[in-house]
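Colleague: Sequence first, then the predicted structure:
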Amino acid sequence: MKLKDQIDHSYRQAAAGMDIPWMLQQWVEKTPDKTCVVWCPFEGDSQSFTYAELFEAARRLAAGLQSKGVKKGEFVLLHMDNSPEFILSWYACAILGAVVVSTNTRSVARDMSYFAEVTEAACALTQPKFARMIRESCPQIRFLGLADNDAGVDCKDSVDLQSELDAVAFTDLFAEEPISLRPVDPSLNLGVQFTSGTTSRPKAVLWTHANGIWGGKTGAQHYRLRSDDITFAFMPLFHTNAQSYSMLSAHWSGGTLVVQPKFSASRFWQVVTTHKVTWASMIPFAIKAIMDQPVPEHKMRFWSLGARIGQIEEVFGVKTLGLWGMTETVTHGIIVDIDHLGPEMTIGRAAPDYDIQLRRADGSLCELGETGHLFIRGVRGVSLFKEYYRNPDANESAFDEHGWFDTGDLVRSDKDGWLYFSDRDKDMLKVGVENVAASEIESVIMLSGVVDECAVVGQKHYMLDEVPVVFIIPGPGASELTHAQLEETLIAHCRKNLPDFKVVRSVHVVDELPRSTLEKIAKNVLRDRLPPITSDN
C-alpha cells in the first residue's frame, strides 16, 4: 500500500464509529441539561434547547419525515433563514440518514429549480416568504413542509398559505415518538451546499458524516473550544462558515450556540453581553458596523476572520484569528495558532492534517516570498469534500492525478512561511505583460480615506489587453469632493502607493455594488458596463 493510501486509510479509520447523531448523543448522555442552542429573534422572546431537548425534538422530526416517505439517502431541500426550524431540520435529516441540501435564501426560482433537479429532492422545508417560489420552482417534490414564521417573525397567513400550496405545517411533521437510532455510519452522505459560479451553474458540494465530524472536531481544536464556550452565529447557517465553523464546532465541544436571524449592529453587544458570548466568526461588514459603538465589558476571547488584524484587537480587546477555508475543505485548511497569531494580515499556516502547495502558472512550486496558485490535499470524504455531486467533469478537473485540489485562490508566502490571501485566480488582470491582482489595488484604495467600498476590474484596452478601473461607494471623507476631485484624489493615491501599471485609469461612483447570492461582488456585471478602450483618447 502506498504511503498516501496508508495515511488516507488511517484517517478513515479515525472517523470510524462516529457520525452526527453519535456526536449529539455523547452530550445527551454526559450533560443532558446543558444549553445547546439559544435562539435570539428580532421579535418576541428568546428560546433555548438543552442537548436532551434538541436531540429529542430532532429525532421526533426525523420520525415524522420518515412517516412522510423520506428514506435514508434521499435529499431534502432546506430553504430557511437562521431559525430553530433550520437547526432542528438539519439535525433531523442527519439522524434519519437523509441528505440535507441547505440552499441560499437569496436564490431565485431558477436556482431552486436547478438545485431540486440536480439532487432529485424528495421534499422541501421552508418558511412562508419563500413558500410560493419553492412550490412553483420545485414541482417534483413529494411534499412541502412549511414553518409558521419567517425566522421569528410571525406569519398570520401561514394557515391559508398551507392550504393554498398543499403544504404540511412544520409542527405537524413531528411524530409522537422519536425515531430509533440507525447504526453509526461515517461514510453516509450528510449534506450538500451549492457553490457559486460565474460562467457555469453552481456545483453541488457533497459532504459525508465523516466530513461533518471532521468539521466540528477540527474547528473546535483550532479554536480550543471547551464545553463552557458560548458561540455567537449570525451568519447564515446554510453556508459552511456558520454551519461548520460555528454550529458543528460548538456542538462537538459540548458548548452553547447562540443564533440570530442575521447580523444586527444595534443588537450585537446586547446579545454578546447578555449571553456571555466567548467568540464569534466575524466579517468586515459586521466589524465596520460596530466600529463606532462603545465597547462594553465582554467575555469574548477571539474573533475568527479572513486575516489577523491588529487594529481590531486594539479596538475591541479580542484576538483575531486569520484563517482560510472553503466549502470543499469543510473547515479551515489554513489557520493561525491562537497563541501565536503571526504578522499583520496573515491567514496563518497550513492546518495540521492538510498539505498545501503554492504553484506557479507552469506548475512548478513557488519559493518562499512568492505568490502562487493554492493547491490543498486531504482525504476525500473526511478532510475534503466527497465530490461534486453528479458532476464527474468538475471532479476530474478539480483534482490532479496525485489528489491535489485546485482551490482557485492565489496565496503569498513570506520568507518565514506565513501565508497571505492574495486573490481569486479569476480576479487577475493582465496589463500588458504584467499580472495584476485586483485585491492589491483594492486594499490600497481602501486606505485612501474617501472610500467605503470598492471593486477593481479590468477594462478592455486596445494595446494593453486590459487596464484597471475601479467602482467605488464614496465614504464620509469624500462628501465635500466633486467627482473630478474624487477621481484625482484616488488616482494620486494609487500613483503614490503602486507601480504605474497598477494605477487605476478611471473611477466610477455607484450607490451599490452588484452581488452574487453568496455576497461576493459580481465583478462580471461591472465589467459588462465598460466599453472597450479603442484609443488613447
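Modeller: Thanks, I have it.
Colleague: Not counting sequence-adjacent ones, nearest residue to Asp355?
Modeller: In this structure, Asp355 finds its nearest non-sequential neighbour in Arg377, 4.2 Å apart by Cβ to Cβ, 6 or more residues apart in numbering. In this view, the C-beta of every residue, glycine as well, is placed from N, C-alpha and C.
Colleague: quick one: that neighbour and Asp406 touch, right?
Modeller: No. Counting by Cβ atoms under 8 Å, Arg377 sits too far from Asp406 to count as a contact (10.8 Å).
Colleague: Out of those two, name the residue with the larger neighbour count.
Modeller: Looking at Arg377 and Asp406 with other Cβ atoms under 10 Å, you find the greater number of neighbours at Arg377, namely 20 against 16.
Colleague: Look up how far Leu225 lies from the more buried one.
Modeller: 26 Å (Cβ to Cβ, to the nearest Å).
Colleague: now do Asp409
Modeller: For Asp409, the distance to Leu225 equals 26 Å [Cβ to Cβ].
Colleague: who has more neighbours, these two?
Modeller: Using other Cβ under 10 Å as the criterion, Asp409 and Leu225 rank with Leu225 on top: 23 against 20.
Colleague: and that one, which of the three is it?
Modeller: coil (DSSP: H, G, I helix; E, B strand; the rest coil).
Colleague: cool, Pro32 as well?
Modeller: coil.
Colleague: and it, how many residues sit next to it?
Modeller: Neighbour count of Pro32, defined by other Cβ under 10 Å: 14.
Colleague: who's in contact with it?
Modeller: Going by Cβ atoms under 8 Å, 6 or more residues apart in numbering, Pro32 touches Thr50, Tyr51, Ala52.
Colleague: Could I get the CA-only coordinates of the helix or strand hosting Glu396 as CSV?
Modeller: Secondary structure assigned from DSSP states H and E places Glu396 in helix 392-398. Taking Å, rounded to 0.1, in the frame of the first residue of the first chain, the C-alpha atoms of helix 392-398 are listed here in CSV:
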residue,chain,number,x,y,z
PRO,A,392,-17.8,14.0,-13.0
ASP,A,393,-16.2,16.6,-15.2
ALA,A,394,-15.9,19.0,-12.4
ASN,A,395,-14.4,16.3,-10.1
GLU,A,396,-11.9,15.4,-12.8
SER,A,397,-10.8,19.0,-13.4
ALA,A,398,-10.7,19.9,-9.7
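Colleague: who does that helix touch, helix- and strand-wise?
Modeller: strand 387-388, strand 405-413 (3 or more Cβ pairs under 8 Å, 6 or more residues apart in numbering; DSSP states H and E).
Colleague: hmm, try it at 6 Å
Modeller: Contacts defined by 3 or more Cβ pairs under 6 Å, 6 or more residues apart in numbering; DSSP states H and E place helix 392-398 against strand 387-388.
Colleague: Tell me which strands the strand it packs on pairs with, and in which orientation.
Modeller: strand 204-208 (antiparallel) (DSSP bridges).
Colleague: So what touches the strand it pairs with?
Modeller: With contacts defined as Cβ atoms under 6 Å, 6 or more residues apart in numbering, strand 204-208 is touched by 118, 187, 189-195, 327-328, 381, 385-387, 389.
Colleague: Where does pLDDT dip in the stretch 101-250 of the chain?
Modeller: Applying pLDDT under 70 to the stretch 101-250 of the chain flags the ranges 196-200.
Colleague: For it, just list every one of the helices.
Modeller: Counting by DSSP state H, counting those that start in this stretch, the stretch 101-250 of the chain has helices at residues 109-119, 128-137, 158-165, 209-223, 240, 249-252.
Colleague: what do you get for the stretch 301-450 of the chain?
Modeller: 310-316, 392-398, 438-445.
Colleague: Next up, the contacts around Thr195.
Modeller: If you count contacts by Cβ under 6 Å, 6+ apart, then Thr195 has Pro202, Lys203, Val205, Thr327 around it.
Colleague: Filter these down to the ones in strands?
Modeller: Val205 (DSSP state E).
Colleague: in the stretch 401-537 of the chain, which spans are strands?
Modeller: Assigned by DSSP state E, counting those that start in this stretch, the stretch 401-537 of the chain shows strands spanning 405-413, 419-424, 428-431, 434-437, 451-461, 465-474, 507-509.
Colleague: any idea which of those strands scores lowest on pLDDT?
Modeller: Out of the strands of the stretch 401-537 of the chain, strand 434-437 stands lowest, with a mean of 70 (criterion: mean pLDDT).
Colleague: ok, what's across the strand from the closest residue to Trp404 other than its chain neighbours?
Modeller: Closest residue to Trp404 apart from its sequence neighbours, by Cβ to Cβ, 6+ apart: Phe375 at 4.3 Å. Assessed by DSSP bridges, Phe375 has beta-bridge partners Gln357, Asp406.
Colleague: So in this structure, which helix runs the longest?
Modeller: Among the segments of the chain that qualify as a helix by DSSP state H, the longest is helix 51-67.
Colleague: Now it: buried residues?
Modeller: By 16 or more other Cβ atoms under 10 Å, the buried positions in helix 51-67 come out as 51-55, 57-66.
Colleague: chain center to that helix: distance?
Modeller: With Cα atoms, centre = their mean, to the nearest Å as the basis, helix 51-67 stands 26 Å off its chain's centre.
Colleague: quick one on the thing from earlier: and which of the buried residues of helix 51-67 is nearest Trp22?
Modeller: Phe55 (11.1 Å; Cβ to Cβ).
Colleague: Quick check, the closest one in contact with Val28.
Modeller: Yes. Under the criterion of Cβ atoms under 6 Å, Phe55 makes contact with Val28 at 4.9 Å.
Colleague: Just confirm Ile521 contacts Leu513, I think it does.
Modeller: Yes. If you go by Cβ under 6 Å, Ile521 and Leu513 touch, sitting 5.1 Å apart.
Colleague: so what sits against both of those two?
Modeller: Counting by Cβ under 6 Å, 6+ apart, the residues touching both Ile521 and Leu513 are Ala455.
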